[in-house]
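Peer 1: Provided below are the primary sequence and the corresponding predicted coordinates.
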Amino acid sequence: MPDVDTSKEEKKFYEDVPMKTPGFFLKGSGSLDWGMKNRLARIFNPRSGRTVMLAIDHGYFQGPTTGLERIDLNIVPLVPYADALMLTRGILRTTIPPASTKPIVVRASGGPSILKELSNEEIALDIEDAIRMNASAMAIQVFIGGEFETRSVHNMTRLVDMGLRYGIPVMAVTAVGKEMVRDAKYFRLACRICAELGAHFVKTYYVPEGFETVTASCPVPIVMAGGKKIEVLDALKMASNAIQRGASGVDMGRNIFQSENPVAMIKAIGAVVHKNLSPDKAYEMFNDLKK
Ligand code: R5P
């Protein structure tokens, strides 16, 4: 059993030296199989190397979330503006038109509702069903430090094994318990564990202090999770900061679909992510589009 890392030496992340990506445009993905790379290239735009994923999977543990009460009315019109959709198979099959060619990142874990211990999840999808739905990736929660940490990590590693068998990438989602500190040290730990154990990309939260060390120490792409609804300009600043500090995109939900103008918001976020538009300019864009 190795000792815990008690070195007094300052850690060196070389945040200003991007990791080389031989063989493919995405970090850490150069040795993957063709099918895996092809699916990743549907999610991440090969020109910018980035993605704007629209997360609408909240119902899998909290039911009809504000803004997602009627996905047919509120979300389907937004689909053309996202690079990829993150959702459950139930919503995909009932509500998303099959003629849509948008890449799908399908929720593959579940179990507890908001009324129970959330880390007590299981894999909730067969790989055959992911293939049937033509999924471009599968998403699973990993609860580092949570009550059922080991189970959630093993759920992820089993999903990675299944994904590798058929060429479907896995996105690990770092889920943080209410009582845990959300800082760079925690997210470095959580993201690195997910990548070390096989996740092909990781969704994690932005932290103002040291986010660049989270992205630098994770050898696969990171997409920023949105979190609860905040002011438009603050959400644009958060997305911009995450991108400028090494994130390969965003996977946002509430800050888009709970916006007063979701189409304007997803377009403004898209400009920040793919075109490096400044938050102030993107805010102007949001207000113009809103009119
Ligand atoms: C994580 O628990 C799920 O993927 C969420 O549904 C998703 O991350 C929420 O997105 P947002 O926090 O941007 O609303």
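Peer 2: Thanks, I have it. In this text the structure is predicted, and so the values were computed from the model without any measurement. Residues are numbered from 1 along each chain as shown.
Peer 1: Any residue of the longest helix seen in the chain touching the ligand?
Peer 2: The residue-count maximum for a helix in the chain (DSSP state H) belongs to helix 149-166. No: shown here: helix 149-166 not in contact with the ligand (Cβ under 6 Å from any ligand atom), separated by at least 12.0 Å. The way it works is simple: take the backbone N, C-alpha and C, and place the C-beta from them, glycine included.
Peer 1: can you pull out the helices in this protein?
Peer 2: Using DSSP H, helices in the chain cover 34-43, 59-62, 71-74, 89-95, 127-132, 149-166, 184-196, 211-216, 232-244, 254-257, 262-275, 279-290.
Peer 1: C-alpha coordinates for the fifth one, PDB please?
Peer 2: Coordinates of the C-alpha atoms in helix 127-132 are reproduced here as PDB (Å, rounded to 0.1, in the frame of the first residue of the first chain):
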ATOM      1  CA  ILE A 127     -24.400  -1.400 -23.700                       C
ATOM      2  CA  GLU A 128     -26.600  -3.000 -26.300                       C
ATOM      3  CA  ASP A 129     -29.200  -0.300 -25.800                       C
ATOM      4  CA  ALA A 130     -26.600   2.400 -26.100                       C
ATOM      5  CA  ILE A 131     -25.600   0.900 -29.500                       C
ATOM      6  CA  ARG A 132     -29.300   0.600 -30.500                       C
END
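Peer 1: If you count neighbours, what's buried in that helix?
Peer 2: For helix 127-132, burial by neighbour count (16 or more other Cβ atoms under 10 Å) applies to 127, 130.
Peer 1: what does the fourth one give?
Peer 2: Using 16+ other Cβ under 10 Å as the test for burial, helix 89-95 gives 89, 91-92.
Peer 1: How about the last one?
Peer 2: For helix 279-290, a neighbour-count test (16+ other Cβ under 10 Å) marks 279, 281-283, 285-286 as buried.
Peer 1: Helix 262-275 and that one, what's the angle between them?
Peer 2: If you take axes from the mean of the first three to the mean of the last three Cα atoms, to 10 degrees, helix 279-290 sits at 150 degrees to helix 262-275.
Peer 1: which helices and strands does helix 279-290 pack with?
Peer 2: Contacts defined by 3 or more Cβ pairs under 8 Å, 6 or more residues apart in numbering; DSSP states H and E place helix 279-290 against helix 232-244, helix 262-275.
Peer 1: quick one: contacts of that helix?
Peer 2: With Cβ atoms under 8 Å, 6 or more residues apart in numbering as the contact definition, helix 279-290 has outside contacts at 232-233, 236-237, 239-240, 260-261, 263-265, 267-269, 271-272, 277.
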